[in-house]
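could you work out the structure for the sequence below:
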Amino acid sequence: MCFKKLVLFIACMFLFGVEVASAQNFGTLRGSVKDPSGALLPEAGVTLKAVASSRTQTTRTNAKGEFIINGIAIGQYTQFAARHGI
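Numbers count the residues shown, from 1 in each chain. Down below sits the predicted model:
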């Protein structure tokens, strides 16, 4: 019975360790979008494109012109922002 508990404990520790390790491979990008005069742009589209895979992640700025993109894998990216009517 003690052996089964030990195996279960080790398995749980392994799974927990994998979860923590994988979480460290992702990041968050926070920023704001401004027009050429420096005014913040609400409702602007923001796209982040991975250079290696061309995978894209998109979001929109909030009423203050700020955005957050979560779950960004390690790598190089290009970033685009646009808003219609400007």
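
so how far is residue 36 from the closest residue to residue 83 other than its chain neighbours?
Spatial nearest neighbour of residue 83, chain neighbours left out: residue 44 (4.0 Å); criterion: CB to CB, 6 or more residues apart in numbering. (C-beta placed from N, C-alpha, C; glycine too.) Relative to residue 36, residue 44 is positioned 13 Å away (criterion: CB to CB, to the nearest Å).

OK, contacts around residue 82?
With contacts defined as CB atoms under 8 Å, 6 or more residues apart in numbering, residue 82 is in contact with 44, 45.

show me what the helix or strand where residue 67 lies pairs with in its sheet, parallel or antiparallel.
Assigned by DSSP states H and E, residue 67 belongs to strand 66-73. According to DSSP bridges, strand 66-73 has the following sheet partners: strand 26-32 (antiparallel).

any idea of the mean pLDDT in the strand it pairs with?
What strand 26-32 shows for mean pLDDT is 89.

contacts for that strand?
For strand 26-32, the surrounding residues in contact (CB under 8 Å, 6+ apart) are 40, 46, 48, 61, 64-74, 79.

narrow those to just the buried residues.
46, 48, 61, 65, 67, 69 (16 or more other CB atoms under 10 Å).

for these, which two are the farthest from each other?
Greatest spacing in the buried ones among the contacts of strand 26-32, by CB to CB: 48 and 65 (16.6 Å).

which stretches of this structure form helices?
2-23 (DSSP state H).

shaky segments in it?
1-24, 85-86 (pLDDT under 70).

switch the cut-off to 50
1, 7, 12-13, 15-22 (pLDDT under 50).
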